[in-house]
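Student: here is a sequence with its predicted model. Questions after.
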Amino acid sequence: MYGRQFLTIVFGLLLIFAGCLPLPVSIHGLARDANDVVFEPNLEGLWQEDANDPNSTLWKFEFAGDSNKPCYFMEYDEKDKDPAAFMAVVIKIDDQRFLDIYPEDPNYNLSYLTSCSFVKGHVFMKIDQTAPTLQIRMMDNDKVKKLLEEFPQAVRHEVSDDGRIILTAPAHELQEFLRGYQDRIFNDPSNMMRLAEEQQ
């Protein structure tokens, strides 16, 4: 139990992505204000990472906001692991859309000190398209680390003991960072297939 709780503390829950490879995490979200958040109608639904593998990871997006504050409830369901719950918003920077996700509160009976240690870190993904397939790019920790070694002033950050990048900049600086370096810090896109309604 203690090991499981620890994975939900201080960014640990976000390690479920990309085969448990670490992803850069941000203290702050990507939106400067409500005007940066946009509605993406094609995002809602159930998506499968590999259409030829019925056991591949599922991503489910349900609209959970309104016209003034569009947001999504996201469930990440990886085989042989408990589903993980996130909130997600779509941020538009110039003509590019990004996904900003952060974990829901853990559903465990945590101690007071454990719950106080929980931090809702943000993970950013680049959206290439939402139809007919969902193509998103994960931010790559090694690419970001290499970039920041070359340009340490590119964005405010810290590096954890295990080499993970923790972004500490506010939203407007994060947007400038993505605007300037997005072509260097993301992995190849996924190609998720939407599941038909009867398959959900």
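Tutor: All right, it came through fine.
Student: and the helices in the chain?
Tutor: Ranges of helices within the chain are 2-7, 112-117, 141-150, 171-185, based on DSSP state H.
Student: residues in contact with the longest one?
Tutor: The reference is to helix 171-185. If you take Cβ atoms under 8 Å, 6 or more residues apart in numbering as the criterion, helix 171-185 is touched by 26, 28-32, 36, 91, 93-94, 96, 98, 124, 126, 139-140, 143-144, 147, 154-156, 167, 169. Every C-beta, even on glycine, is put in place using the N, C-alpha and C of the backbone.
Student: residues of that helix that come out buried?
Tutor: Buried residues in helix 171-185, defined by neighbour count with 16 or more other Cβ atoms under 10 Å: Ala171, Leu174, Gln175, Phe177, Leu178, Tyr181, Gln182, Ile185.
Student: just to revisit the earlier point, which among the contacts of helix 171-185 count as buried?
Tutor: 26, 28-31, 36, 91, 93, 98, 124, 126, 139-140, 143-144, 147, 154-156, 167, 169.
Student: mind naming the longest strand for the chain?
Tutor: Longest among the strand segments of the chain by residue count, using DSSP state E, is strand 84-93.
Student: quick one: Ala88 from Pro70, how far?
Tutor: Using Cβ to Cβ, to the nearest Å, Ala88 is found at 10 Å from Pro70.
Student: an error on my part: the question was meant for Glu150.
Tutor: Taking Cβ to Cβ as the measure, Glu150 falls 36 Å from Pro70.
Student: looking at these two, which is more packed in?
Tutor: When neighbours are counted by other Cβ atoms under 10 Å, Glu150 and Pro70 differ, and Pro70 comes out ahead with 18 against 9.
Student: just checking, that one touches Val89?
Tutor: Yes. Between Pro70 and Val89 there is a contact under Cβ atoms under 8 Å: 7.1 Å.
Student: overlap in contacts of these two?
Tutor: Counting by Cβ under 8 Å, 6+ apart, the shared contacts of Pro70 and Val89 are Val37.
Student: what are the contacting residues of stretch 32-41?
Tutor: Residues from elsewhere that reach stretch 32-41 (Cβ under 8 Å, 6+ apart): 30-31, 67-71, 89-93, 97, 127, 130, 171-172, 175.
Student: what mean pLDDT does that stretch get?
Tutor: Here stretch 32-41 scores 94 as its mean pLDDT.
Student: surely Ile27 and Thr168 touch.
Tutor: Yes. In this structure, Ile27 is within contact of Thr168 by Cβ under 8 Å, at 5.3 Å.
Student: higher neighbour count, the two?
Tutor: Ranked by neighbour count (other Cβ under 10 Å), Ile27 and Thr168 place Ile27 first, with 18 against 13.
Student: relative to Asp161, how far out is that one?
Tutor: Separation of Ile27 from Asp161 (Cβ to Cβ): 17 Å.
Student: again, but for Pro24
Tutor: Pro24 is 15 Å from Asp161, by Cβ to Cβ.
Student: out of those two, which sits in the busier spot?
Tutor: More crowded of Pro24 and Asp161, by other Cβ under 10 Å: Pro24, with 26 against 5.
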